[in-house]
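**Student:** here is my input, please return the structure:
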Amino acid sequence: MKKQPTVLCFASYEKGAEFMRECKRQGCRVILLTSKSLEFAGWPRESLDQVYYIPDVNKEWNMNDVIYGVSYMARTEDIDIIVALDDFDVEKAAAVREHLRLPGMGDTTARYFRDKLAMRTRAKEVGINVPEFIHVLNHNRINEFADRVAYPYVIKPRLQAGAIGIKKAHNKDEMWEVINRLGDQQSFYLIEQFVPGEVYHVDSIIYGKKVVFQIASKYGKPPMEVSHQGRVFTTSTVERGSDEEKALFDMNRDVLQAFGIVRGVSHSEYIRSESGDYYFLETSARVGGAHIAELVEAATGVNLWAEWAKIELHPTDGLYEMPKDKGNYGGLLISLAKQEYPDTSAYNDPEIWWRMNKQHHAGLIVSSPDPKRVKELVDSYTSRYYNDFFASQPVPDKPTA
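**Tutor:** As a prediction, this is how the structure comes out:
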């Protein structure tokens with residue numbers, strides 16, 4: 001009798017429910033390792049055989065706690081697959097795979113999908129366009145960089161996600177003020193030339209080292225501007241078959257091939273400068289956050305979480321079959337809301353595909369075969385959001401939820 005596979009899911013944030021459900025549908029034993037602070041979160045408990053908790057401080061897990069805890073778990077659990085469901089879990093899952101000698105992404109490859117400095121260095125090595133950058137390490141070299149490369153700069157933590165911890169500098173004095181405040185944390189940061197332009201994300205499925213699915217979307221406002229200046233967050237599917245889509249797809253394939261991902265999913269970000277040049281910004285080995293998975297499903301019919309589970313369960317047997325993209329377009333809007341429970345019922349167009357249900361948040365996804373209709377709705381709803389719901393708060397230096 002064939003052994004029932006055991007899948008251990010790392011989730012320091014509440015996400016990945018459909019991944020776990022699909023693993024259970026596929027006949028797996030499913031174990032969740034999550035933060036103690038999320039003990040009472042809405043996990044898909046009907047699909048979980050066991051749940052273990054890790055003590056966490058500001059959502060951070062101690063690596064030794066993880067290795068000791070999973071090793072102890074492995075005395076009685078025969079673990080076959082370890083999957084990191086959030087960006088902050090990727091290197092921890094890689095380290096445990098290495099420690100237990102389990103298949104999947106190891107430490108070196110994980111660096112390319114977590115460490116912004118490793119990403120840029122590798123991309124530059126293989127000729128992929130990236131903004132000018134330098135490691136915050138040698139002060140003489142930083143001064144030489146500052147004399148050569150035009151401002152403004154963004155100073156980024158290497159291992160955070162999204163816009164968390166990013167600071168902007170418009171001159172050398174501001175740059176050194178930020179660097180000096182970092183103290184002994186300086187080497188965990190990089191400096192990058194700020195390139196103004198339009199920011200995109202490409203969400204992908206990789207199987208057998210090949211990109212078997214990808215869809216490109218464009219943010220209404222760059223995520224950094226949304227986070228730091230307070231804006232409604234929007235993103236919409238790029239016109240299918242356009243030169244814009246082709247350029248993004250080509251660069252995305254080059255990035256994922258160069259970084260060595262064998263299978264799984266990826267959320268990657270790119271920018272088109274005001275001169276029309278495309279640059280790689282960053283990538284990840286997980287499903288995009290901020291309900292981008294729902295946006296992808298609204299446009300394509302493809303649930304990235306479920307497909308990822310299928311891939312993990314059929315890594316080399318060739319049995320995985322990519323579902324057909326239904327070819328629609330999607331638009332996503334999310335805003336912090338001044339109301340505790342915002343009422344979006346006045347937004348009632350038939351194209352509405354999804355509504356957010358979260359305290360102090362208002363969110364919608366629209367879906368249509370017509371890209372002009374999606375744009376019309378997103379533009380109209382964004383204006384209305386500012387009047388009906390919009391609220392803002394400062395971006396944290398560390399993850400908080």
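
**Student:** can you map out the strands along the stretch 1-150 of the chain?
**Tutor:** Along the stretch 1-150 of the chain, counting by DSSP state E, counting those that start in this stretch, strands occupy 6-11, 29-35, 50-54, 81-84, 133-135.

**Student:** elements contacting the longest one?
**Tutor:** Helices and strands in packing contact with strand 29-35 are listed as strand 6-11, helix 17-25, strand 50-54, helix 63-73; criterion 3 or more Cβ pairs under 8 Å, 6 or more residues apart in numbering; DSSP states H and E. C-betas here are computed from N, CA, C, even on glycine.

**Student:** turn the ones you listed into TSV, including mean pLDDT.
**Tutor:** What follows is those, written out as TSV (pLDDT from 0 to 100):
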stretch	mean pLDDT
strand 6-11	98
helix 17-25	98
strand 50-54	97
helix 63-73	96
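
**Student:** before we move on, back to that, save the strands of the stretch 1-150 of the chain as TSV, and put in distance to residue 364 and mean neighbour count too.
**Tutor:** Below are those laid out as TSV (distance: least, Cβ to Cβ, whole Å; neighbours: other Cβ atoms under 10 Å):
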stretch	distance to residue 364	mean neighbour count
strand 6-11	26	23
strand 29-35	28	22
strand 50-54	32	16
strand 81-84	29	24
strand 133-135	36	20
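
**Student:** in TSV: those strands, plus distance to residue 387.
**Tutor:** TSV is the format used below for these (distance: least, Cβ to Cβ, whole Å):
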stretch	distance to residue 387
strand 6-11	36
strand 29-35	37
strand 50-54	42
strand 81-84	40
strand 133-135	40
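
**Student:** of these, which is nearest residue 124?
**Tutor:** strand 133-135 (8.3 Å; Cβ to Cβ).

**Student:** list the contacts of the closest one.
**Tutor:** Counting contacts by Cβ atoms under 8 Å, 6 or more residues apart in numbering, the residues outside strand 133-135 that touch it are 117, 120, 141-142, 145, 187, 190-193.

**Student:** what subset of the residues you listed is buried?
**Tutor:** 117, 120, 142, 145, 190-193 (16 or more other Cβ atoms under 10 Å).

**Student:** quick check: the two most widely separated of those?
**Tutor:** It's 120 and 142 that sit farthest apart of those, by Cβ to Cβ, at 15.5 Å.

**Student:** pLDDT below threshold where in the chain?
**Tutor:** The chain contains residues with pLDDT under 70 at 1-2, 59, 162-163, 395-401.

**Student:** ok, which stretches of it are helices?
**Tutor:** Using DSSP state H, the helices of the chain run over residues 17-25, 63-73, 90-100, 107-112, 116-125, 139-148, 172-182, 223-225, 243-259, 292-300, 304-313, 371-388.

**Student:** can you list the buried residues in the second one?
**Tutor:** In other words, helix 63-73. 66-67, 69-70.

**Student:** for it, packing partners?
**Tutor:** strand 6-11, strand 29-35, strand 50-54, helix 90-100.

**Student:** out of the helices and strands packed on strand 29-35, which comes closest to residue 270?
**Tutor:** Counting by Cβ to Cβ, residue 270 lies closest to helix 17-25 out of these; the figure is 25.4 Å.

**Student:** for residue 302, state which of the buried ones among the contacts of strand 133-135 is nearest.
**Tutor:** Of all the buried ones among the contacts of strand 133-135, residue 120 has the smallest distance to residue 302: 29.4 Å, by Cβ to Cβ.

**Student:** ok, the closest one touching residue 190?
**Tutor:** Yes. In terms of Cβ atoms under 8 Å, residue 120 counts as a neighbour of residue 190; the distance is 7.2 Å.

**Student:** one step back: adding distance to residue 260, write the buried ones among the contacts of strand 133-135 out as a markdown table.
**Tutor:** Conversion of these to a markdown table gives the following (distance: Cβ to Cβ, whole Å):
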| residue | distance to residue 260 |
| --- | --- |
| 117 | 17 |
| 120 | 16 |
| 142 | 30 |
| 145 | 28 |
| 190 | 21 |
| 191 | 26 |
| 192 | 23 |
| 193 | 27 |
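
**Student:** out of those, who's nearest residue 226?
**Tutor:** residue 192 (18.3 Å).

**Student:** if we can go back for a sec, for the strands of the stretch 1-150 of the chain, which one sits closest to residue 380?
**Tutor:** That would be strand 6-11 among the strands of the stretch 1-150 of the chain, by Cβ to Cβ, at 35.9 Å.

**Student:** okay, angle between that closest one and helix 63-73 too, please.
**Tutor:** Counting by axes from the mean of the first three to the mean of the last three Cα atoms, to 10 degrees, strand 6-11 lies at 160 degrees to helix 63-73.

**Student:** contacts for strand 6-11?
**Tutor:** Contact partners of strand 6-11, identified using Cβ under 8 Å, 6+ apart, comprise 16, 19-20, 23, 28-34, 38, 66, 70, 73, 77-86, 89, 92-93, 309, 312-313.

**Student:** who are the contact partners of the closest residue to residue 346 other than its chain neighbours?
**Tutor:** Spatial nearest neighbour of residue 346, chain neighbours left out: residue 388 (7.7 Å); criterion: Cβ to Cβ, 6 or more residues apart in numbering. Residues near residue 388 by Cβ under 8 Å, 6+ apart: 342, 346, 362.

**Student:** okay, now the residue lying closest to residue 314 once chain neighbours are set aside: neighbour count?
**Tutor:** Counting by Cβ to Cβ, 6+ apart, residue 320 is the residue found nearest to residue 314 once chain neighbours are left out, at 4.4 Å. Residue 320: 18 surrounding residues under other Cβ atoms under 10 Å.

**Student:** how about residue 213: which residues does it bridge to?
**Tutor:** residue 205 (DSSP bridges).
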